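> model this:
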Amino acid sequence: MSLAQHLLELRKRLVIAAAALIVGMIVAAIITNPIIDLLTEPIRMVADNRGDDFARLNFDTITSGFDLRVRIAFAIGIILSAPVWLWQIWAFVMPGLTRKEIRYTVGFMAAAIPLFFAGTFVGWYIMPHIIEVMASLVPEQGSLFYKYDYYYDFIFKLLLVVGISFVMPVFLVALNLGGVISGRGILKGWRIAILVATIFAAVATPAYEVTSMLLLAGILVVLYFGAAGVSLLFDRRRSRREARLLPPDPPAEATG
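Modelled structure (predicted):
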């Protein structure tokens with residue numbers, strides 16, 4: 001294909017992906033009320049513990065309610081339309097890939113997508129505890145008014161960061177398959193990995209919520225050692241394949 005044909009193909013794929021996103025946003029807009037109920041459940045828990053007037057979600061402009069619904073519809077629309085736009089990306093890139101690269105890409109996506117959603121689930125699990133613990137530090141004389149955009153961004157970024165952290169072991173395996181790092185090299189960095197996982201968990205969760213911190217750090221460490229184990233298996237298989245391809249040693253000449 002010429003450059004112009006590639007650009008036309010790219011435009012077609014982008015139009016289809018954008019149309020799927022718009023349809024997903026329309027569907028998501030219909031279910032925003034239950035989603036808002038789920039997002040604000042931690043606020044209701046705080047209000048039940050400290051009084052109905054202690055914690056509320058604050059909308060400080062005329063268009064705040066509309067803005068929140070658009071943000072939610074966009075995020076949910078991306079998830080609902082993911083099969084379409086992921087396929088469009090794959091269909092555009094796949095003709096230029098070798099059979100081996102296609103196999104690696106499919107394996108990467110098959111591992112990364114479930115891990116990302118598992119990470120968002122863990123982030124959703126620890127999110128109410130974070131909000132409750134932070135609210136407990138507010139003195140009795142005060143009140144909590146969560147600004148809607150800050151509250152939404154906090155939850156969205158927390159889920160995104162924890163989800164991406166769960167995918168990092170897949171990147172380590174991808175680097176191993178690319179010959180950048182060996183399984184032994186990954187395993188040798190276990191001390192640094194535990195330290196980084198602990199620091200990340202401490203930053204992502206409140207200092208007072210030790211259980212959530214240990215849960216998140218423990219999962220990340222297990223995923224790291226899992227990536228090291230898979231990389232070691234790939235290294236062993238690669239070594240056996242290379243050994244079969246090497247020519248046999250020539251017989252030694254007789255002396256005497």
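
> quick one: the strands in the stretch 51-200 of the chain?
Using DSSP state E, counting those that start in this stretch, the strands of the stretch 51-200 of the chain run over 55-58, 144-147.

> could you list the domains of this protein?
1-96, 98-242 (automatic domain parsing).

> pLDDT on the longest one, on average?
Along domain 98-242, the predicted confidence averages to a pLDDT of 82.

> neighbours of Val230, how many?
19 (other C-beta atoms under 10 Å). (Glycine included, C-beta is placed from N, CA and C.)

> show me the contacts for the nearest residue to it once chain neighbours are set aside.
Using C-beta to C-beta, 6 or more residues apart in numbering and skipping residues adjacent in sequence, the residue nearest Val230 is Val173, 5.4 Å away. By C-beta atoms under 8 Å, 6 or more residues apart in numbering, the residues touching Val173 are 111, 227, 230-231, 234.

> still on that earlier bit, and the strands of the stretch 51-200 of the chain, which is most packed in?
Comparing the strands of the stretch 51-200 of the chain by mean neighbour count (mean count of other C-beta atoms under 10 Å), strand 55-58 comes out on top with a mean of 18.

> pull the residues that contact that strand.
Here strand 55-58 has contacts from 40, 43, 46-47, 135, 143-148, 151, using C-beta under 8 Å, 6+ apart.

> out of those residues, who's nearest Ile62?
The nearest member of those to Ile62, counting by C-beta to C-beta, is Tyr148 at 12.7 Å.

> any idea how far that closest one lies from Leu57?
6 Å (C-beta to C-beta, to the nearest Å).

> over to Pro95?
48 Å.

> and Met109, by the same measure?
Using C-beta to C-beta, Met109 is found at 36 Å from Leu57.

> that older thread, I'd like the contacts of Val173 written out as a markdown table, with distance to Gln5 and secondary structure added.
Rendered in a markdown table, the data for the contacts of Val173 read as follows (distance: C-beta to C-beta, whole Å; DSSP: H, G, I helix; E, B strand; the rest coil):
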| residue | distance to Gln5 | secondary structure |
| --- | --- | --- |
| Ala111 | 33 | helix |
| Ala227 | 39 | helix |
| Val230 | 39 | helix |
| Ser231 | 39 | helix |
| Phe234 | 37 | helix |
